[in-house]
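In: With the input below, show me the fold.
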Amino acid sequence: MAFYAAFVDAGFLKAEGARALRRRRGQIFVNAAAVVDWAKSLNLGGNSFLRVYWYDGEFDPSDSRYASQRKMFEAIERVPGIKLRLGYVVERTPSWHHAVQRAIKACGWDVAEFQKHFRFEPVLQQKGVDSLITLDLVYMAEHTGYEWAVLIAGDRDLEEAVWTAQEEGRKVLLAVPKGAGVAPQLRRTADEVIELDTATLERFLPARQNRS
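Out: Okay, the predicted model is just below:
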C-alpha cells in the first residue's frame, strides 16, 4: 500500500511559526499531537499516513536546560505516530556582538549601562538536524518507497535530498508558515508548496498560559 510520511524540522517550525504568530518563542509551546492530526488529515492521492519524523536539537547533559528539555522530548515520544530524531544544540556568539561593543566603547558609552537596555545573548544553533532529515528522506525513498514526503523545513541544505528523493520517483510537499524564511532553492525544488495558516499554527504552537 502506498503511503506518505511527514518530516518536521521542529526548530524551523517553532522559530518561523512564532514569528508568523507575532510571538516570542518563549511564549509558545509545541503541541506535537496537533501536528500528527494535521498530517493525517492531508489528502495525498489516497495514500495512507505512516508517521511524523520529528527532528530537534538536544542540549548537552551538562547544560542546565537539559532536564526540562528531556521531559519535553519524552512527552513528544509518547505521542502516537511520531518518531523522534535528535541532533544537538550549540551556543555561539555572533560576530556582530564584538563590533557593536567596540562601537559603544568608541562612542564613550558604558557597555554595562547599555546592556541594561539590550542584552548580548548567544545564539542557539541546531547541528546534525539537516543531516538526519537528508538521511531519512533519501534512505526511505530508496528502501521503503513512500509516495509523498511532507516536509516542514526551510534550509537550502535540504535541496539535494529533495532532488534525490524525486529522482527515486517520490513527490515532496513543502509546508511552511506564512511569510517564513525559506530558501528559494528549496521552494523551487519541491513539487508543491502550501502555507500553514494562522489557525493551523495556533494548534501547533499554542500560547503558554501565564501562571498566577
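
In: use CA for all of it now, contacts and neighbours both
Out: OK.

In: got a list of what residue 184 touches?
Out: Neighbour list for residue 184: residue 156 [criterion: CA atoms under 8 Å, 6 or more residues apart in numbering].

In: try 10 Å
Out: Residues counted as contacts of residue 184 (CA atoms under 10 Å, 6 or more residues apart in numbering) are 154, 155, 156, 159.

In: what's the helix or strand for the closest residue in space to the last one that isn't next to it in sequence?
Out: Pointing back at residue 159 there. Once flanking residues are discounted, residue 159 sits nearest to residue 186: 4.9 Å by CA to CA, 6 or more residues apart in numbering. Per DSSP states H and E: residue 186 is located in helix 184-189.

In: could I have that helix exported to CSV, CA atoms only?
Out: Extracted in CSV, the C-alpha atoms of helix 184-189 (Å, rounded to 0.1, in the frame of the first residue of the first chain):
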residue,chain,number,x,y,z
PRO,A,184,14.3,29.9,-2.7
GLN,A,185,16.2,26.8,-4.0
LEU,A,186,14.2,24.5,-1.6
ARG,A,187,10.9,26.2,-2.5
ARG,A,188,11.6,25.8,-6.2
THR,A,189,12.6,22.2,-5.9
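
In: list the buried ones in it?
Out: Buried residues in helix 184-189, defined by neighbour count with 16 or more other CA atoms under 10 Å: 186, 187, 189.

In: Can I get those in CSV including distance to residue 147 and pLDDT?
Out: Below are those laid out as CSV (distance: CA to CA, whole Å; pLDDT from 0 to 100):
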residue, distance to residue 147, pLDDT
186, 19, 96
187, 19, 95
189, 16, 96
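
In: I'd like the next helix or strand past the helix or strand of the chain with the lowest mean pLDDT.
Out: Taking mean pLDDT, DSSP states H and E as the measure, strand 123-127 is the helix or strand of the chain with the lowest mean score, a mean of 59. Once the chain leaves strand 123-127, the next helix or strand it forms, by DSSP H and E, is helix 129-143.

In: ok, back up a step: pull the distance from the helix holding residue 186 to the chain's centre.
Out: 17 Å (CA atoms, centre = their mean, to the nearest Å).
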